[in-house]
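Q: Structure here, sequence nowhere to be found:
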């Protein structure tokens, strides 16, 4: 096997189907019947000519106990998602572009074509410039949600920001003194230290 072929497994060596354990063989057959069959339908490669799985399918077989649950999740997502196939493929392409996942982009570009998405839309989503733009938009949206005065920040405070026993909360990249108390409508919410009650993010009292 050439060095270029070995790289198809990422940092893991490609597994030989003949040398698999019983548990690994079960996952191999399951992947081949589901994702491998899909790969054949959309005309992408999921294994080498001698049957060695490539891309994400190789590590799936390395850890069969974990992969069994992961494949259950994939099956449930495909069957019960509320997204249409076109939207679903667009979302997957966007995520693959942000994470620079070459095989994901390769596989789901073909799936997107099968779903009827135009080629120019697929290329635009998979382009590095589009991924950088999406990352910037994500950062900007997160900054807005955590900025001063944005109501949606309050339910997030107890996860790692201000709370009982933690008087300092980080919002918008700064440290602010937080006062816990009853709001005008009786809901206990954190607010900046001030005289009187904290304002409720729902009713603004």
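A: Now that the structure is in, tell me what you want to look at. Keep in mind it's a predicted model, so treat the numbers as computed, not measured. Residues are numbered from 1 along each chain as shown.
Q: Show me the helices in this protein, by range?
A: Counting by DSSP state H, the chain has helices at residues 3-6, 22-33, 35-41, 57-62, 64-80, 85-98, 102-114, 119-126, 128-145, 157-160.
Q: Which one of those lies nearest to residue 51?
A: Nearest to residue 51, of all the helices of the chain, is helix 22-33, at 8.8 Å by C-beta to C-beta. Using the backbone N, CA and C atoms, a C-beta is placed for each residue, glycine as well.
Q: angle of the closest one against helix 64-80?
A: Helix 22-33 runs at 20 degrees relative to helix 64-80, counting by axes from the mean of the first three to the mean of the last three C-alpha atoms, to 10 degrees.
Q: Chain neighbours aside, what residue packs nearest to residue 23?
A: residue 64 (4.1 Å; C-beta to C-beta, 6 or more residues apart in numbering).
Q: so what are the domain limits for this structure?
A: 3-129, 148-192 (automatic domain parsing).
Q: With mean neighbour count added, can I get those domains in a markdown table?
A: As requested, these are exported to a markdown table (neighbours: other C-beta atoms under 10 Å):
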| stretch | mean neighbour count |
| --- | --- |
| domain 3-129 | 15 |
| domain 148-192 | 14 |
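Q: Same list (the ones you listed) but as JSON lines, adding mean pLDDT.
A: Below are those laid out as JSON lines (pLDDT from 0 to 100):
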{"stretch": "domain 3-129", "mean pLDDT": "92"}
{"stretch": "domain 148-192", "mean pLDDT": "46"}
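Q: still on that earlier bit, reformat the helices of the chain as a markdown table; add distance to residue 49.
A: Output for the helices of the chain, formatted as a markdown table (distance: least, C-beta to C-beta, whole Å):
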| stretch | distance to residue 49 |
| --- | --- |
| helix 3-6 | 9 |
| helix 22-33 | 14 |
| helix 35-41 | 14 |
| helix 57-62 | 15 |
| helix 64-80 | 23 |
| helix 85-98 | 26 |
| helix 102-114 | 17 |
| helix 119-126 | 27 |
| helix 128-145 | 31 |
| helix 157-160 | 50 |
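Q: re earlier: show me the contacts for the residue nearest to residue 23.
A: 21, 23, 24, 26, 27 (C-beta atoms under 8 Å, 6 or more residues apart in numbering).
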